[in-house]
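> Show me how the following folds:
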Amino acid sequence: MSSEVSTECLVIGAGPAGLQASYLLKQAGRDHIVLEAGAAAGTFFTRFPWHRQLISINKVHTGWDDPELNLRVDWNSLLSDDPELLFTGYTPRYFPHADDMVRYLGDFAVKNDLPIRYDTRVVSVARPDDFVVHDQHGGTYRAKRVIVATGVSQQYVPEIEGVEHAEHYYDVSVDPQDFVNKKVLIIGRGNSAFETADALVETASVIHLAGPGSLKLAWQTHFVGHLRAVNNNFLDTYQLKSQNALLDGHIAGIRRDGDDYLVKVSFQRVDEVIKEIRYDRVILATGFRFDASIFAPECRPRLTIKSRFPDQTAAWESVNVPDLFFAGTITQARDFKKSTSGFIHGFRYGVQALHRIVEQRYHGVDWPSRPVAAGDVTEAVIERVNRTSALWQLFAFMADAVLIGPDGSVRYVEEVPVAHLHEAVARGDFGDVESYLTVTLEYGADHDQVNPFDITARRTSQQDTSGLDGRYLHPVVRHFRAGDLRGEHHITENLENEWDSEQVHKAPLRAFLGSRL
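Predicted coordinates:
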């Protein structure tokens, strides 16, 4: 193919984020094309996770009839108007098999008739005026805007002398019998490393996991990218003295010694010299990063966080390349290790917000809003915090906004990224706004320092009307004028996440709002 194809928007990648972006573009009637290197949608999930069990939860039975509430515990579905296109209908497994995700994404693409060109791998992106994209077949595409939804496709290989001797997570054998009575070192201490270790517990003689810094557990930090309980069976074998261990330190070198490997480990926990340890197998599970190599110098996005992700504005636009946007797991640069943009249940709402930003900027379509009487704001806020999935998933990152005009009129706007909201109000994107409220769901200060299983740890009484000391997820309402914080109200946490008590939840909020509206 040698002809040039022109389109308004080009989406690179037909994974979950690319499909979500395409669905929204098609719903809006926008001209666009999706380019996918693989033979089908969701090609990433045909290989990863390597041991084929997802760590994104799929809770089918909730006891709720409200589809919005159900999305709080459905981490895999994309947003659509079709109730049949929910991932929960594809498998009852709480931690699904990756093949179920491939099947789901394929159906999502087909049933929505999305304009995807498969087996089309982007090899270069230039920008002489519009973006000009070339594929491996010699095809050329010209677009005014590009949305990159390629994920993190490049393995991160640390600078270790002799690292070429290590096997890689993405192609190491998944047959435990290949590790019978072997002493194994796994470099890395993320979910992929622990996933690999758990698979070898029954056959390997010794397993060591090595990496610098302290181990972070998702149940404590609330960041789902930290070590998940479903992968941490290995910790039992370490703490209960079953030959396995975590090595807290850096790998200084790997060298071949006959059929074995001698690995230099520089320990952090103890004050000792570098120790050399013998292993039968060494596996590298150090994660992945964004690949910017396809971009020409004039439109190569600047990278951030040790070059793992593209650096982005509050609108998910490249900080140095206008009209180049990002969607999906690479947008976690905006809330890195704080919220959930790295997973489908977070970035599906990010893609929807990105779509609204683009619609407003390029097509003059206002962000959806509805008028609310000043006296009804309390009920509007309470109704939303009791139902919303977007604010629940993207805690502290995504907000509803109550916009107050100079004449006292009030508009309610849903699901705006907090950082973008402040900038958009300052620019006048939301019209004439005298002051505004943000409504978020947030964990309390130092929540990751509290052991939730320690009964001696202080937990806020659910009858405490102030809510200020709440560590668990709870609603927070803030009042801003010209971007400056003028007031803040915390609604008391609730075990069932039902903030509907007149005395504990509504009355204090009503009093706060009364002083602001």
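> so where do the helices sit in this structure?
With DSSP state H, the ranges of helices along the chain come out as 16-27, 67-70, 98-111, 191-200, 218-221, 233-239, 344-363, 377-385, 390-393, 418-427, 507-514.
> Of these, which shows the lowest average pLDDT?
Lowest mean pLDDT of the helices of the chain: helix 218-221, a mean of 85.
> Flag the shaky bits of the stretch 151-300 of the chain, pLDDT-wise.
270-272 (pLDDT under 70).
> Kindly reformat the helices of the chain as JSON lines containing distance to Ile55 and mean neighbour count.
Bear in mind the C-beta positions are built from the backbone N, C-alpha and C, glycine included. Listed next are the helices of the chain as JSON lines, based on distance: least, C-beta to C-beta, whole Å; neighbours: other C-beta atoms under 10 Å:
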{"stretch": "helix 16-27", "distance to Ile55": "15", "mean neighbour count": "24"}
{"stretch": "helix 67-70", "distance to Ile55": "19", "mean neighbour count": "16"}
{"stretch": "helix 98-111", "distance to Ile55": "11", "mean neighbour count": "19"}
{"stretch": "helix 191-200", "distance to Ile55": "6", "mean neighbour count": "23"}
{"stretch": "helix 218-221", "distance to Ile55": "9", "mean neighbour count": "16"}
{"stretch": "helix 233-239", "distance to Ile55": "13", "mean neighbour count": "16"}
{"stretch": "helix 344-363", "distance to Ile55": "11", "mean neighbour count": "22"}
{"stretch": "helix 377-385", "distance to Ile55": "27", "mean neighbour count": "20"}
{"stretch": "helix 390-393", "distance to Ile55": "15", "mean neighbour count": "24"}
{"stretch": "helix 418-427", "distance to Ile55": "27", "mean neighbour count": "17"}
{"stretch": "helix 507-514", "distance to Ile55": "36", "mean neighbour count": "17"}
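> With distance to Gly258 as new columns, can these be given to me in JSON lines?
Output for the helices of the chain, formatted as JSON lines (distance: least, C-beta to C-beta, whole Å):
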{"stretch": "helix 16-27", "distance to Gly258": "46"}
{"stretch": "helix 67-70", "distance to Gly258": "57"}
{"stretch": "helix 98-111", "distance to Gly258": "37"}
{"stretch": "helix 191-200", "distance to Gly258": "22"}
{"stretch": "helix 218-221", "distance to Gly258": "40"}
{"stretch": "helix 233-239", "distance to Gly258": "28"}
{"stretch": "helix 344-363", "distance to Gly258": "46"}
{"stretch": "helix 377-385", "distance to Gly258": "63"}
{"stretch": "helix 390-393", "distance to Gly258": "51"}
{"stretch": "helix 418-427", "distance to Gly258": "56"}
{"stretch": "helix 507-514", "distance to Gly258": "70"}
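> who wins for proximity to Arg281 among those?
The minimum distance between Arg281 and those falls on helix 191-200, with 9.1 Å, by C-beta to C-beta.
> Which elements pack onto the closest one?
When contacts are defined as 3 or more C-beta pairs under 8 Å, 6 or more residues apart in numbering; DSSP states H and E, helix 191-200 packs onto strand 183-187, strand 206-211, helix 233-239.
> so how far is Asp280 from the residue of the chain most remote from its centre?
What lies farthest from the middle of the chain is Gly258; by C-alpha atoms, centre = their mean that is 43.2 Å. According to C-beta to C-beta, to the nearest Å, Gly258 stands 11 Å off from Asp280.
> same check, this time on Val450
Distance from Val450 to Asp280, counting by C-beta to C-beta: 41 Å.
> One more: Arg228?
From Arg228 across to Asp280, the span is 28 Å (C-beta to C-beta).
> Neighbour count for these two, which is higher?
Neighbour tally, Arg228 and Asp280, criterion other C-beta atoms under 10 Å: the higher count belongs to Arg228, 19 against 16.
> pretty sure that one contacts Ile55?
Yes - proximity of Arg228 to Ile55 meets the contact threshold set by C-beta atoms under 8 Å, at 5.0 Å.
> Would you mind listing the residues touching both of those two?
Counting by C-beta atoms under 8 Å, 6 or more residues apart in numbering, the common neighbours of Arg228 and Ile55 are Asn191.
> picking up where we left off before, any chance of TSV for the helices and strands packed on helix 191-200, columns distance to Phe512?
Shown next, in TSV, are the helices and strands packed on helix 191-200 (distance: least, C-beta to C-beta, whole Å):
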stretch	distance to Phe512
strand 183-187	51
strand 206-211	45
helix 233-239	43
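> Quick check: which of those is nearest to Gln332?
strand 206-211 (19.6 Å).
> tell me the angle that closest one makes with strand 183-187.
20 degrees (axes from the mean of the first three to the mean of the last three C-alpha atoms, to 10 degrees).
> Extract the C-alpha trace of the longest strand anywhere in the chain and format it as PDB.
Taking DSSP state E as the criterion, the chain has its longest strand at strand 245-257. Taking C-alpha atoms only, strand 245-257 is exported to PDB below (Å, rounded to 0.1, in the frame of the first residue of the first chain):
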ATOM      1  CA  ALA A 245      14.100 -15.000  50.300                       C
ATOM      2  CA  LEU A 246      13.800 -11.300  49.400                       C
ATOM      3  CA  LEU A 247      17.200  -9.700  48.700                       C
ATOM      4  CA  ASP A 248      17.000  -6.000  49.500                       C
ATOM      5  CA  GLY A 249      19.700  -4.500  47.300                       C
ATOM      6  CA  HIS A 250      21.200  -4.000  43.900                       C
ATOM      7  CA  ILE A 251      22.500  -6.600  41.400                       C
ATOM      8  CA  ALA A 252      26.100  -5.500  40.700                       C
ATOM      9  CA  GLY A 253      27.000  -8.200  38.100                       C
ATOM     10  CA  ILE A 254      26.200 -11.500  36.500                       C
ATOM     11  CA  ARG A 255      28.700 -13.900  35.200                       C
ATOM     12  CA  ARG A 256      28.600 -17.400  33.800                       C
ATOM     13  CA  ASP A 257      30.500 -20.100  35.700                       C
END
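> name the helices or strands packed onto it?
Using 3+ C-beta pairs under 8 Å, 6+ apart, the elements in contact with strand 245-257 are strand 206-211, helix 233-239, strand 260-267.
> looking at those, which is closest to Phe295?
Evaluated over the helices and strands packed on strand 245-257, closeness to Phe295 peaks at strand 206-211, with 30.5 Å, by C-beta to C-beta.
> partners of the closest one in the sheet?
Applying DSSP bridges to the sheet, strand 206-211 is found paired with strand 183-187 (parallel), strand 245-257 (parallel).
> who's in contact with the nearest residue to Thr331 once chain neighbours are set aside?
Leaving aside its sequence neighbours, Thr331 sits nearest to Ser341 (C-beta to C-beta, 6 or more residues apart in numbering; 4.8 Å). Taking C-beta under 8 Å, 6+ apart, we find Ser341 in contact with 329, 331-332, 334-335, 347, 350, 394, 397.
> So for the nearest residue in space to Phe309 that is not next to it in sequence, what's the pLDDT?
Spatially, and ignoring its direct neighbours in sequence, Phe309 is nearest to Ala333 (3.8 Å; C-beta to C-beta, 6+ apart). Here, the pLDDT recorded for Ala333 equals 95.
> Ends of stretch 401-409, what's the gap?
Using C-alpha to C-alpha, to the nearest Å, one end of stretch 401-409 lies 14 Å from the other.
> Give me the distance from that stretch to the chain's centre.
The gap between where stretch 401-409 is centred and where its chain is centred comes out at 32 Å by C-alpha atoms, centre = their mean, to the nearest Å.
> Contacts for the longest strand of the chain next, please.
Contacts of strand 245-257 (C-beta under 8 Å, 6+ apart): 158, 160-163, 165-166, 187, 189, 207-215, 235, 238, 261-269, 274, 278, 282.
> And stretch 68-77, by the same measure?
Here stretch 68-77 makes contact (C-beta under 8 Å, 6+ apart) with 54, 56-59, 62, 64, 85-88, 96, 101, 104, 343-345, 348, 387-389, 392-393.
> One more pass at 7 Å, please.
56-59, 62, 64, 86-88, 96, 101, 343-345, 387-389, 392 (C-beta atoms under 7 Å, 6 or more residues apart in numbering).
> Cool, thanks, signing off.
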